[in-house]
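# Here is my input; please provide its structure:
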Amino acid sequence: MRVFRFGLFVVIGIFLIGCVRAGIASRAADNDLKAAADKAVITPPIGIPMGGYFAYERKAEGTHDQLYARCLVLKIGKQVPVAFISLDLIGFLSYDVDIVRKRFGGNITLFVFSTHQHSGPDTIGVFGEGRDERYMSELRSKIIFLIQSTLTILEPASLSFWKSDGVGLAKNWKDPEIVDNDINVLMVSGKKGIIGTLVNFGCHPEALGKKNRLITADFPGYLVNKIEKECGGTALFANGLLGGMVSIATENFQNKEKSFELAKKVGEKLASRVLSNIRNYTKLEPKNFYVSNSEVAIPFQNDALRDQVLSGHLPLRSFVTNQHGEITDVNVTVSVLRLGQLEILMIPGEMTPVLGLKLKTAPMTMIIGLANDEIGYILPEKDYYLPKFQNERSKSLGPKTGTIIYNALKDLSSNR
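A predicted model of the protein is given here:
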């Protein structure tokens with residue numbers, strides 16, 4: 001283990017030296033980029049309703065490991081800062097994102113995404129008793145304070161990107177031949193070392209299963225802990241094309257049963273894959289920077305979710321009603337962020353690889369799911385009524401969802 005760590009430190013040292021020689025080093029005169037990263041504990045109280053499994057009403061009986069909000073801020077030139085917020089949660093609705101966003105009055109661009117772990121609080125409101133609104137209020141306040149404090153420690157920085165191979169870590173249990181095996185890594189470096197590392201990979205974090213009653217970040221927690229230990233800085237995990245149904249390839253791990261041991265093995269294996277390809281980075285030129293957003297209306301054709309809205313369990317940010325006051329459409333936002341050669345697509349739910357892989361047209365593309373919302377599964381319209389997707393249909397707004405979001409993202413990407 002000591003030999004491995006020594007070798008890793010050498011690799012990271014070579015990486016940082018290479019950055020300096022290649023002109024990626026933190027020189028504001030070159031690219032006027034500043035960055036900072038930090039994290040804050042968001043662990044809920046014992047007894048809170050847990051989210052992730054519809055058939056089970058669970059309450060937390062203890063805490064195995066802390067949950068975090070992790071923040072990475074980039075400020076390029078005179079542009080408003082961009083904040084990436086990764087939450088160890090099942091989801092974070094646009095209703096809540098808007099409350100956080102309003103606190104900053106348009107002076108920051110926010111991308112809030114959840115790791116989608118299934119052993120935390122029900123922050124959506126559809127898994128049992130509903131949301132604990134006292135916890136949600138405290139959670140939003142902690143996120144606001146985290147962003148504010150991170151903005152105060154900005155320093156000159158540089159960006160690099162690379163991919164690693166995730167083959168064998170995740171499995172598409174509905175379409176085994178179709179999975180996004182790319183592990184995308186965005187690393188932010190400062191004068192003294194690594195500021196932050198954003199890791200993007202599509203896989204449901206459900207290593208513990210529905211019987212677990214302990215709060216845990218699941219495998220993303222082990223992943224970011226190892227990255228931070230080996231590289232320094234703050235690490236963030238962003239889920240990707242995990243819909244319909246991409247989860248852990250348990251047959252490739254000795255302990256196939258749901259357990260903390262499985263979560264640890266998956267997270268640390270994923271971290272090792274990230275670090276194994278660190279030398280093959282590409283310098284990013286942040287002068288080619290832009291953010292584009294598109295708000296689209298999705299026909300609301302899920303009676304079960306509509307009942308959750310009417311009962312007050314599922315708060316919506318924006319929706320359309322007919323003359324009878326019935327909700328007909330839900331408004332959602334999709335976004336495309338350009339950082340030099342890297343294109344980041346922000347999807348407000350769980351898109352299937354069958355649909356999402358068609359959006360990966362640029363050489364460097366990162367697709368982040370559950371970004372600024374969680375509207376459930378996003379399926380291709382042609383597959384929507386297939387028997388194998390019965391479970392996914394029950395957690396989707398309707399059959400048009402995939403087509404509308406796909407077309408909106410395609411338009412934003414092609415108009416760069």
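# All the helices of the stretch 151-300 of the chain, in order from the start?
218-231, 260-276 (DSSP state H, counting those that start in this stretch).
# Highest mean neighbour count out of those?
Among those, ranked by average contacts under mean count of other Cβ atoms under 10 Å, first place goes to helix 218-231 (a mean of 24). For glycine as for every other residue, the C-beta is placed from the backbone atoms N, C-alpha and C.
# In contact with the residue positioned nearest the centre of the chain, which residues?
Closest residue to the average C-alpha location of the chain: residue 238 at 3.0 Å, with Cα atoms, centre = their mean. With contacts defined as Cβ atoms under 8 Å, 6 or more residues apart in numbering, residue 238 is in contact with 84, 86, 113, 115, 198, 199, 200, 366, 368, 369, 371.
# Now list the buried members of the residues you listed.
Taking 16 or more other Cβ atoms under 10 Å as the criterion, what is buried in the contacts of residue 238 is 84, 86, 113, 115, 198, 199, 200, 366, 368, 369, 371.
# And the fifth one, how far from residue 237?
Residue 198 sits 8 Å away from residue 237 when distances are taken as Cβ to Cβ, to the nearest Å.
# can you list residues touching both of those two?
Joint contacts of residue 198 and residue 237 (Cβ under 8 Å, 6+ apart) are residue 86.
# which residues of the stretch 1-150 of the chain fall in helices?
Under DSSP H, counting those that start in this stretch, the stretch 1-150 of the chain gives helices at 2-22, 28-31, 94-102, 133-151.
# tell me, which of these is the model least confident about?
Among the helices of the stretch 1-150 of the chain, helix 28-31 carries the lowest mean pLDDT, a mean of 43.
# What separates the first and last residues of stretch 83-97, distance-wise?
12 Å (Cα to Cα, to the nearest Å).
# Flag every buried residue along it.
Buried residues in stretch 83-97 (16+ other Cβ under 10 Å): 83-97.
# How about stretch 333-346?
333-340, 342-346.
# Looking at those, which gets the smallest pLDDT?
Where pLDDT dips furthest among these: residue 340, at 91.
# these two touch, right, that one and residue 288?
Yes: distance between residue 340 and residue 288: 5.0 Å, which falls inside the contact criterion (Cβ atoms under 8 Å).
# ranges for the strands of the stretch 151-300 of the chain?
155-156, 158-165, 170-172, 182-190, 193-201, 214-215, 234-239, 246-248, 282-283, 289-299 (DSSP state E, counting those that start in this stretch).
# Which elements pack onto the last one?
Looking back up the chat, that one is strand 289-299. When contacts are defined as 3 or more Cβ pairs under 8 Å, 6 or more residues apart in numbering; DSSP states H and E, strand 289-299 sits against strand 327-339, helix 401-414.
# Tell me the buried residues in the helix or strand following it?
The helix or strand immediately downstream of strand 289-299 is helix 303-310, counting by DSSP states H and E. The neighbour-count criterion (16+ other Cβ under 10 Å) identifies 305, 306, 308, 309 as the buried residues of helix 303-310.
# and the angle for helix 303-310 with strand 327-339?
90 degrees (axes from the mean of the first three to the mean of the last three Cα atoms, to 10 degrees).
# residues in contact with helix 303-310?
125, 126, 300, 314, 315, 316, 327, 376, 394, 395, 397.
# Which members of those are classed as buried?
Of these, these count as buried by 16+ other Cβ under 10 Å: 125, 126, 300, 314, 315, 316, 376, 395, 397.
# mind giving me CSV with those and columns for distance to residue 169 and pLDDT?
Shown next, in CSV, are those (distance: Cβ to Cβ, whole Å; pLDDT from 0 to 100):
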residue, distance to residue 169, pLDDT
125, 31, 93
126, 28, 91
300, 35, 97
314, 32, 93
315, 34, 94
316, 34, 92
376, 24, 96
395, 24, 94
397, 29, 97
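# Residue 47: which of those is nearest?
residue 125 (16.8 Å; Cβ to Cβ).
# isn't that closest one right next to residue 314, touching?
Yes: the pair residue 125 / residue 314 is scored as a contact, 4.8 Å apart, by Cβ under 8 Å.
# May I ask which two of the buried residues of stretch 83-97 are separated the most?
Maximum distance among the buried residues of stretch 83-97 (Cβ to Cβ): 20.9 Å, for 83 and 90.
# what's the weakest-modelled helix or strand in the chain?
Lowest mean confidence among the helices and strands of the chain (mean pLDDT, DSSP states H and E): helix 28-31, at a mean of 43.
# Around residue 61, how many other residues sit close by?
12 (other Cβ atoms under 10 Å).
# Also the one 4 residues further on?
Residue 65 has 18 neighbours, counted by other Cβ under 10 Å.
# How about it: what's its closest non-neighbour residue?
Closest residue to residue 65 apart from its sequence neighbours, by Cβ to Cβ, 6 or more residues apart in numbering: residue 216 at 5.2 Å.
# now the one you found: how far from residue 163?
In terms of Cβ to Cβ, residue 216 sits 28 Å off from residue 163.
# Next: residue 374.
Taking Cβ to Cβ, one finds residue 374 at 26 Å from residue 163.
# and what of residue 310?
44 Å.
# One more: residue 315?
Residue 315 is 37 Å from residue 163, by Cβ to Cβ.
# same deal with residue 236?
Residue 236 is 17 Å from residue 163, by Cβ to Cβ.
# mind showing which ranges of this protein have poor pLDDT?
1-31, 55-56, 255, 415-416 (pLDDT under 70).
# Could you report the neighbour count for the nearest residue to residue 44 once chain neighbours are set aside?
Leaving aside its chain neighbours, residue 44 sits nearest to residue 121 (4.3 Å; criterion: Cβ to Cβ, 6+ apart). Neighbourhood size, residue 121 [other Cβ under 10 Å]: 27.
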